[in-house]
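Undergrad: Okay, predicted coordinates and the sequence, questions at the end:
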Amino acid sequence: MTEKSLSDSTRLRLLLLIPGGFALLAGLDAALLLLGLSAPVTASRLADVHGILMVYSFVGTVVALERSVALGRLWGFLAPAGLGFGGVLLILVPNNAVGGAAVAVGSAALAALYVPLWRRNAATAVLAQAWGGVIALGGAVMYAAGVPIPWILPWLAGFLVLTIAGERLELARVAFLVQNVEGWALAASAAYFVAIPASLLWPDVGYRVMGVTLILLTAWLLRYDVAGKTIRSTGLPRFSAACLLSGYVWLLVAGGVWIVAGPVRSGPAYDASAHAVFLGFVISMIMAHAPIILPAVLRRPLPYRPIMYAPAILLHASLLLRIVVGDGADQLWAVQAGGVLNVVAVLGFVVIAVASVVIRTSPARPAADRVKAAS
């Protein structure tokens, strides 16, 4: 590839990432509105599309962009394009079906990406991620058809959980930690994959099965993820491991809520399970992977800095306040205070990441840290 084509490719990736950043800001604004608080933009429409913006148009865009870069084919970029610009349409066009259809197209392209990736590497890790893509497509189609978010929340959670679990399994294989127990990861992932549609068809049983299978999958990750070893390291590997292990704990919380409460589509149990997955687990995973994934996608180093611990710690502390005191004890002030601090934690990490790229002082260090993190 020539220098010019490489530069053009990088500009394309940045262009596709911009709608994802826009969706993040809009989603955080919507979070404040849902908490009953003042926000920079007060359009009530934002609150209606909060979940889709955060799951598909923010996180989904980043996931799809990383997968399309790994595939290396132009058509693959339809996935991040559909997911990202679908979020823009959801914000600007009053009819959810328009933006929802774009998100569904992006989800279909993401699911299709895994076909050539599977042919290239028929591994359990790729299969788990492919199942996540299928779940993403199912949730997006239902949303475009008008199914309310609370009914498809298990699909949104399953998309990200299976995708991230597959990526972590891939690293565990590279580090030779899985040996002869990879079949257990496949079984747990498959059981969780099947339990997600079951939660829609037979809610009383399906939610509890989904909770059990999520806990089994998380237990496997806690036992065999490379983070169990790198937590004893220093620098970026230790930071990433701390974020990963903390995120897994929140998955256990979500699984426990589904087992005890069954189908939850409103109220404190719904709020607790949703934010345990999407804030406690997913945002923590983003913090863990950002210094590794973003340089690979944008070809710009994101140096690790110890100050990254500040938003990570704030995220988990504020989520504890929100779920334990707010949802658990039905204290509105704790829900609102925890929610505001959640937003501050996410924005704080974004500011630190951007500043680290702009004012980096040692280009060689991130590469060394990335090698440590993957070993």
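TA: In hand now; what should we look at? Note that the structure is predicted; figures quoted are calculated from it, not measured. Residues are numbered from 1 along each chain as shown.
Undergrad: Domains in this structure, by residue range?
TA: For the chain, the structural domains run 1-122, 226-375, going by automatic domain parsing.
Undergrad: Minimum distance to residue 148: which of those domains has it?
TA: With CB to CB, the closest approach to residue 148 among the domains of the chain belongs to domain 226-375: 8.0 Å. Backbone N, C-alpha and C define where each C-beta goes, glycine included.
Undergrad: distance between the closest one and the chain's centre?
TA: 10 Å (CA atoms, centre = their mean, to the nearest Å).
Undergrad: Check the average confidence over that domain, would you?
TA: Throughout domain 226-375, pLDDT has a mean value of 88.
Undergrad: related to what we said a few turns ago, let me have the domains of the chain in CSV, adding distance to residue 143 as columns.
TA: Supplementary listing: the domains of the chain in CSV, determined by distance: least, CB to CB, whole Å:
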stretch, distance to residue 143
domain 1-122, 5
domain 226-375, 15
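Undergrad: how about the ones you listed, which one is nearest residue 131?
TA: Residue 131 lies closest to domain 1-122 among these, at 8.8 Å (CB to CB).
Undergrad: so how far is that closest one off the chain centroid?
TA: Between the mean C-alpha location of domain 1-122 and the chain-wide mean there is a distance of 12 Å, by CA atoms, centre = their mean.
Undergrad: Let me see the contact set for residue 84.
TA: 16-20, 22-23, 57, 61, 106 (CB atoms under 8 Å, 6 or more residues apart in numbering).
Undergrad: change it to 10 Å
TA: Counting by CB atoms under 10 Å, 6 or more residues apart in numbering, residue 84 makes contact with 15-23, 56-58, 60-62, 64-65, 102-103, 106.
Undergrad: For stretch 222-231, buried residues please.
TA: For stretch 222-231, burial by neighbour count (16 or more other CB atoms under 10 Å) applies to 222, 224-228, 230-231.
Undergrad: can you check stretch 304-311 too?
TA: So for stretch 304-311, counting by 16+ other CB under 10 Å, buried means 304-305, 308, 311.
Undergrad: Let's have those residues in JSON lines, adding secondary structure and distance to residue 206.
TA: Rendered in JSON lines, the data for the buried residues of stretch 304-311 read as follows (DSSP: H, G, I helix; E, B strand; the rest coil; distance: CB to CB, whole Å):
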{"residue": "304", "secondary structure": "coil", "distance to residue 206": "41"}
{"residue": "305", "secondary structure": "coil", "distance to residue 206": "43"}
{"residue": "308", "secondary structure": "helix", "distance to residue 206": "38"}
{"residue": "311", "secondary structure": "helix", "distance to residue 206": "35"}
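Undergrad: Number of residues surrounding the residue nearest to residue 134 when sequence neighbours are not counted?
TA: Among residues not flanking residue 134 along the chain, residue 111 sits closest, at 5.5 Å (CB to CB, 6 or more residues apart in numbering). Residue 111 has 20 neighbours, counted by other CB atoms under 10 Å.
Undergrad: Residue 94 too?
TA: Burial of residue 94 is recorded as 9 neighbouring residues (other CB under 10 Å).
Undergrad: before we move on, what about residue 242?
TA: Neighbouring residues of residue 242 were enumerated by other CB under 10 Å; the total is 20.
Undergrad: Please list all residues in contact with it.
TA: If you count contacts by CB under 10 Å, 6+ apart, residue 242 has them with 227, 230-231, 284, 287-288, 309, 312-313, 316.
Undergrad: do the same with residue 149
TA: Contact partners of residue 149, counting by CB under 10 Å, 6+ apart, are 48-52, 55, 139, 142-143, 155-156, 265, 274.
Undergrad: Residue 356 too?
TA: Residue 356 neighbours (CB under 10 Å, 6+ apart): 290-291, 301-305, 307-308, 366.
Undergrad: Excluding sequence neighbours, find me the nearest residue to it.
TA: The shortest distance from residue 356 to any non-neighbouring residue, by CB to CB, 6+ apart, is to residue 303 (5.1 Å).
Undergrad: ok, that neighbour to residue 206 distance?
TA: To residue 206, residue 303 is 45 Å away according to CB to CB, to the nearest Å.
Undergrad: so how far is residue 330 from the residue sitting nearest the centre point of the chain?
TA: With distances taken as CA atoms, centre = their mean, the residue of the chain nearest its centroid is residue 282 (4.0 Å). Here the distance between residue 282 and residue 330 works out to 25 Å (CB to CB).
Undergrad: likewise residue 171?
TA: Counting by CB to CB, the separation of residue 171 from residue 330 is 40 Å.
Undergrad: Please apply the same query to residue 163.
TA: As for residue 163, its distance to residue 330 is 33 Å (criterion: CB to CB).
Undergrad: of the two, who's got more company?
TA: Applying other CB under 10 Å to residue 163 and residue 330 shows that residue 163 carries more neighbours, namely 27 against 11.
Undergrad: Remind me which helix or strand the more buried one belongs to.
TA: Following DSSP states H and E, the helix or strand that holds residue 163 is helix 149-174.
Undergrad: Quick check: residue 308 touching residue 286?
TA: No. In this structure residue 308 lies outside contact range of residue 286 using CB atoms under 10 Å: 11.7 Å.
Undergrad: Could you say which helix or strand holds the residue nearest to residue 134?
TA: Secondary structure (DSSP H and E) places residue 111 in helix 96-120.
Undergrad: Quick check: which helices or strands does that helix pack against?
TA: helix 50-52, helix 61-71, helix 78-92, helix 124-144, helix 149-174 (3 or more CB pairs under 10 Å, 6 or more residues apart in numbering; DSSP states H and E).
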